[in-house]
Every structure is written in structure tokens, then in C-alpha cells.
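*Asks:* Provided below are the primary sequence and the corresponding predicted coordinates.
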Amino acid sequence: MAVSKNKKGTSGGAQSHIRARLTYLQKAATYIYSKQQDFKPGTHTEETECENTTPKTSISTQSPCQAPEEENRDQEPATASLPNPTIRYCLPRQYISHMRGVSRKTQQRLSIETKRTFCKRCDLILIPGVTCTEEIQNASKDRKKPWADVLVIRCSGCETEKRFPQSDRRSKKLKERKQDNKESKDQTAIS
């Protein structure tokens, strides 16, 4: 007799460790971002202490997320104490970029909900009103077609737009249209 194979319970298959890694990177990026949002520039001095104690060398060891030193010198003292948004979100961006790279290399698809939480161009976590702006656009004449509403999410870091249709009414695919036409012809032939 044939022996039945034991099915794995909820382990998630052969690549469950990759899924866990992707989930962890996304959660870590959102957690770090939320903690950086709680940070108030005037209340915490550890960051400024670290900047003052680091020696400046002539060799450029900047990462893409760090601002050049010349820009910081030219800024006014009032704005120099406020962290630049592109610098402040560097670690979450790096985690999101790493998550996307892992998913590409392992050929694991990210869910639609996951992909909609970050900018595909600059890897910034998209939070409405904070790092992105949302608006509903309707390009139809006088906005007469309610099914033409499109949600436009604009990233504040790189000004990239994501557009998502908001209507429940969607056009049928070609295969479905052919099948409907075939059924209607069959019904008329029977009558």
C-alpha cells in the first residue's frame, strides 16, 4: 500500500523563512519610523552629542542617506537643528530596500497591501498626511462618471505618484466578454 505523505500544518512551505524575513523587515521599518516620529528635536540631546564627538576626516565616507557637510554649513542655525526628512528616514528606507531586494532575489511576490505601504522609487514609508498626500481625482468631464475616481498618492520625498482606481465597477476582461457573448448567442439560438 502507498504511504500517504504527512502534510505540513501551518509552516508555510519550503520558503517560510523567507516570508518571515520579509515580514520582519517591514515591521522593523515601520517600528523604527514610528519611533522616529515620536522623537522631538529639542528634547533629546544624544544625537547632537554624537555629531559633536565624531571626528571629521577628509575622506568621504557618506552613505546616500547622509547630507553633504557643505549643505549643513550653509544652513541657518534655526533650521540646522531640525533633521532633514531624507536623513531621518534612512534606516527604514534601507530596511524597505533590503526587503524588496530579498523578494526579488528569492522570487517571492509581495502582497498588494505591502507594496502600497512604501514608495517604489525612494523606499519611503507612505503615511497619509506625513510622508505622502492623498487626493481623489476624476478626469471625466464635470466629474460626471463616478466610476472614474482615482486615488492619487503622492510621495513627499520624490514626488512620485501612485494611482489606484476607486470604483467597484471594472471592465470585464476579454475572456469574460467572449464567454458572455457566447452565452447570449446560445440563449438566442435556443429561443
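*Replies:* Received it, and whenever you're ready, just let me know what you need. What you are looking at is a predicted structure, and each value in this text was computed from that prediction instead of being measured.

*Asks:* Which parts of this structure are helices?
*Replies:* Counting by DSSP state H, the chain has helices at residues 16-38, 46-53, 69-74, 77-80, 85-88, 90-105, 112-115, 174-190.

*Asks:* mind giving me CSV with these and columns for mean pLDDT, distance to Arg121 and mean neighbour count?
*Replies:* Every residue, glycine included, has its C-beta placed from N, CA and C. Below are the helices of the chain laid out as CSV (pLDDT from 0 to 100; distance: least, C-beta to C-beta, whole Å; neighbours: other C-beta atoms under 10 Å):
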stretch, mean pLDDT, distance to Arg121, mean neighbour count
helix 16-38, 90, 16, 15
helix 46-53, 41, 27, 9
helix 69-74, 49, 22, 9
helix 77-80, 47, 26, 8
helix 85-88, 58, 13, 14
helix 90-105, 92, 11, 17
helix 112-115, 90, 13, 11
helix 174-190, 84, 32, 9
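
*Asks:* Switch those helices over to a markdown table; also include distance to Thr160.
*Replies:* Listed next are the helices of the chain as a markdown table, based on distance: least, C-beta to C-beta, whole Å:
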| stretch | distance to Thr160 |
| --- | --- |
| helix 16-38 | 18 |
| helix 46-53 | 29 |
| helix 69-74 | 23 |
| helix 77-80 | 25 |
| helix 85-88 | 14 |
| helix 90-105 | 14 |
| helix 112-115 | 13 |
| helix 174-190 | 31 |
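
*Asks:* quick one, domains of the chain?
*Replies:* 17-37+64-125, 130-191 (automatic domain parsing).

*Asks:* With respect to Asp123, which of the helices of the chain lies nearest?
*Replies:* helix 90-105 (4.2 Å; C-beta to C-beta).

*Asks:* nearest to Ser140, of the helices of the chain?
*Replies:* helix 174-190 (22.5 Å).

*Asks:* Which strands or helices does that closest one pack on?
*Replies:* In terms of contacts (3 or more C-beta pairs under 8 Å, 6 or more residues apart in numbering; DSSP states H and E), helix 174-190 is packed against no helix or strand at all.

*Asks:* Contacts for it next, please.
*Replies:* With contact meaning C-beta atoms under 8 Å, 6 or more residues apart in numbering, helix 174-190 is reached by Lys172.

*Asks:* Likewise for stretch 118-136?
*Replies:* With C-beta under 8 Å, 6+ apart, stretch 118-136 has contacts from 29-30, 33, 37, 85, 89, 92-94, 96-97, 100, 116-117, 149-158, 160, 162, 166.

*Asks:* The same query, at a cut-off of 6 Å, please.
*Replies:* 33, 89, 92-93, 96-97, 149, 151-158, 160 (C-beta atoms under 6 Å, 6 or more residues apart in numbering).

*Asks:* got it, and stretch 17-32?
*Replies:* By C-beta under 6 Å, 6+ apart, stretch 17-32 touches Gly12, Leu91, Pro92, Tyr95, Ile96, His98, Met99, Ser103, Thr106, Gln108.

*Asks:* What score does the residue nearest to the fifth one when sequence neighbours are not counted have for pLDDT?
*Replies:* Counting by C-beta to C-beta, 6 or more residues apart in numbering, the nearest residue to Ile96 once its immediate chain neighbours are dropped is Asp123, at 4.2 Å. For Asp123, the pLDDT comes out at 89.
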